[in-house]
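K.L.:
One predicted model, sequence on top.
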Amino acid sequence: MLKVKIVRLNKQAVLPVYATAHAAGMDISACLDAPVTIEPSTTALIPSGFAIELPVGYEAQLRPRSGLALRSLISLPNTPATIDADYRGEVKVILINHGREPFTVQHGDRIAQMVVAKVEQVCFEEVGELTVTVRGDGGFGHTGTGIR
């Protein structure tokens, strides 16, 4: 199991936790002194109260929680958000309210998921042309939407 260092920046912070034995993402909770209301079509930056130190070669991705998206149309506008291995600041979550009603975040509310994943840095090799494939430059729905 990968070990990641974590610092509680606020004594009231709820540290990330896996909700089930086989969950891919850990729940991230809001760390607030007072509730934050997000009006429709607006965003809010919600603190978590902790900072992490990822090993080199890893990133943490912040992702929406499916229940919040389904029931309240609350999501992350920059999903997946990336936390780089060299970032040492507080983990914060940008929430967006796509709904028609204001949404209030309370201290301790589970607002996002965090997945830690291995990443590779690449070195580009400039060439004159790329290998030809059947797909070529087809993209953005080029295969259609129906059953084949």
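P.N.:
Good, I have the coordinates. Residues are numbered from 1 along each chain as shown.
K.L.:
what about the longest strand in this protein?
P.N.:
Taking DSSP state E as the criterion, the chain has its longest strand at strand 43-53.
K.L.:
quick one: buried residues of the helix or strand following that strand?
P.N.:
Downstream of strand 43-53, the next assigned helix or strand under DSSP states H and E is strand 58-63. Buried residues in strand 58-63, defined by neighbour count with 16 or more other Cβ atoms under 10 Å: 59-63. C-beta: built from backbone N, CA, C; applies to glycine.
K.L.:
Looking at those residues, which is nearest residue 109?
P.N.:
residue 62 (14.8 Å; Cβ to Cβ).
K.L.:
Disregarding flanking residues, what is the spatial nearest neighbour of that closest one?
P.N.:
Counting by Cβ to Cβ, 6 or more residues apart in numbering, residue 62 lies nearest to residue 81, which is 4.0 Å off, once chain neighbours are set aside.
K.L.:
sorry, back to before: so which bits of the longest strand of the chain are buried?
P.N.:
44, 46-52.
K.L.:
What is the nearest of those to residue 77?
P.N.:
residue 44 (10.8 Å).
K.L.:
Could you measure from the residue minimising distance to the centre of the chain over to residue 34?
P.N.:
By Cα atoms, centre = their mean, the chain has its centre lying nearest to residue 62, at 1.4 Å. Distance, residue 62 to residue 34, using Cβ to Cβ, to the nearest Å: 22 Å.
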